[in-house]
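Trainee: Sequence plus the predicted model coming up.
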Amino acid sequence: MSRGRVLVAMSGGVDSSVAALLLLQEGYQVIGATLNLWSYEGRQEPYNECCSLEVRVVAQQLGIVHHFIDEGDEFKKRVVDPFIADYLAGRTPSPCARCNRHVRFPKLLELAGQLGCEYLATGHHARIQHENGTYHLLQGHDPMKDQSYFLYALEQSQLERILFPVGDYRKEEVWEIARRHDLVSARKPESQDLCFLPHGDHARFLKERANGSLAPGEIVDAQGRVLGQHQGLAFYTVGQRKGLGLSTGEKVYITALDPVRNRLVVGSEEALYAGGLLADEVHFIALDELTHEERVEVKVRYRCRPTPATLHPDMDSRVQVLFDEPQRAITPGQIAVFYQAERVLGGGTIVRALTPDEARAYTPLASATPTE
């Protein structure tokens, strides 16, 4: 007896292929779908390395119906254009999180409804917990492959309809399942690149699409003294040391990007450390808004360890994040995600770092009450 009808988002990779297989084994009626979000110029087929035509072979192996859905225009508008704009404005964006929030999950859930599917499943390494009428997002079982960071913006109405079949497995177990069933995806190397950046070459991508907006400018120290020239703000990020072309006699790092003056600001490694950060576009999974301080662990980029911090509500639905210990290279445009143990509380986009002095001097809003 069928447990229900589920749409599985398939890329042709091992995680989504095994997700579909596991659901079939559990008795679900499975339909596959692939969003075509971007096409590389000069390729033989109209799909990218991330989501190739090999997915059709996987669907045939599993004996399921499969659909290709073109969402290239929406992806360009909601992800690629803001990606370019962020770099030109001196920010370092997180396009995967933006895609999940504005394109991938909304479009796939819409398609699931059109195809009569109660659920949408993906190959993300994350888990969902239903407790007392509320859905919570949890980290995946494999800490090295956990992808909950990119899913912080999922909403209650979405989590109610989402399944993460591989979230309880370690990656090596997923590979073994794929090999045991001779899935073609078990022979496909895992892609680490952004789906719209061939070979991860974001500099070339920006040069081709910036319409002359990438202008050289000055490299200055904290006192404003000119030390050299940069080739365009979009080619640099906070914390970078190499590729600056400076001979100062000591190690210097990019500490800030100044788009107003088109300047790179450099300084010592000590100057990279922040006492906290300000985040906007904040979303909480099980809260309407933050009304009091919360103790959390925060990840300020995907590949970093969570660090203990305190969240404070700020004006205009923003939050202040105050670290227990100063953290290195807080980067505007990146995502800060807040955890309580294995549960994702929420996250937001980093506006700016708070210096250690700003963090020490921070005064919570009068309306905010501490957690008991």
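Mentor: Cool, got the structure. This structure is a prediction, so every number in the text was calculated from the model and none was measured.

Trainee: Where does the prediction get shaky in the stretch 101-250 of the chain?
Mentor: Applying pLDDT under 70 to the stretch 101-250 of the chain picks out residues 189, 191-193, 198-199.

Trainee: tell me the secondary structure for Ile69?
Mentor: strand (DSSP: H, G, I helix; E, B strand; the rest coil).

Trainee: neighbours around it, how many?
Mentor: By other Cβ atoms under 10 Å, the residues close to Ile69 number 14. Every C-beta, even on glycine, is put in place using the N, C-alpha and C of the backbone.

Trainee: so where does the closest residue to it other than its chain neighbours fall, helix or strand?
Mentor: Of all residues not flanking Ile69 in the chain, Leu35 sits nearest, at 5.4 Å (Cβ to Cβ, 6 or more residues apart in numbering). Assessed by DSSP states H and E, Leu35 sits inside strand 29-36.

Trainee: helices or strands up against that strand?
Mentor: Packing partners of strand 29-36 (3 or more Cβ pairs under 8 Å, 6 or more residues apart in numbering; DSSP states H and E): strand 5-9, helix 14-25, helix 54-62, strand 65-70, helix 105-114.

Trainee: Now with 6 Å, please.
Mentor: strand 5-9, helix 14-25, strand 65-70 (3 or more Cβ pairs under 6 Å, 6 or more residues apart in numbering; DSSP states H and E).

Trainee: which ones are touching Pro326?
Mentor: Residues counted as contacts of Pro326 (Cβ atoms under 6 Å, 6 or more residues apart in numbering) are Tyr273, Gly275, Pro356.

Trainee: most surrounded residue in those residues?
Mentor: Gly275 (23 neighbours).

Trainee: so what's it up against?
Mentor: Contacts of Gly275 by Cβ under 6 Å, 6+ apart are Pro326, Leu354, Pro356, Ala359.

Trainee: What sits closest to Lys251 if chain neighbours are left out?
Mentor: Arg241 is the one closest to Lys251 (Cβ to Cβ, 6+ apart), at 6.3 Å.

Trainee: now do Asp86
Mentor: Closest to Asp86 by Cβ to Cβ, 6+ apart is Pro93, at 4.0 Å.

Trainee: can you count the residues close to the one you found?
Mentor: 22.

Trainee: Now it. Its backbone dihedrals?
Mentor: Here is the backbone geometry of Pro93 (degrees, to the nearest 10): phi -80, psi 170.
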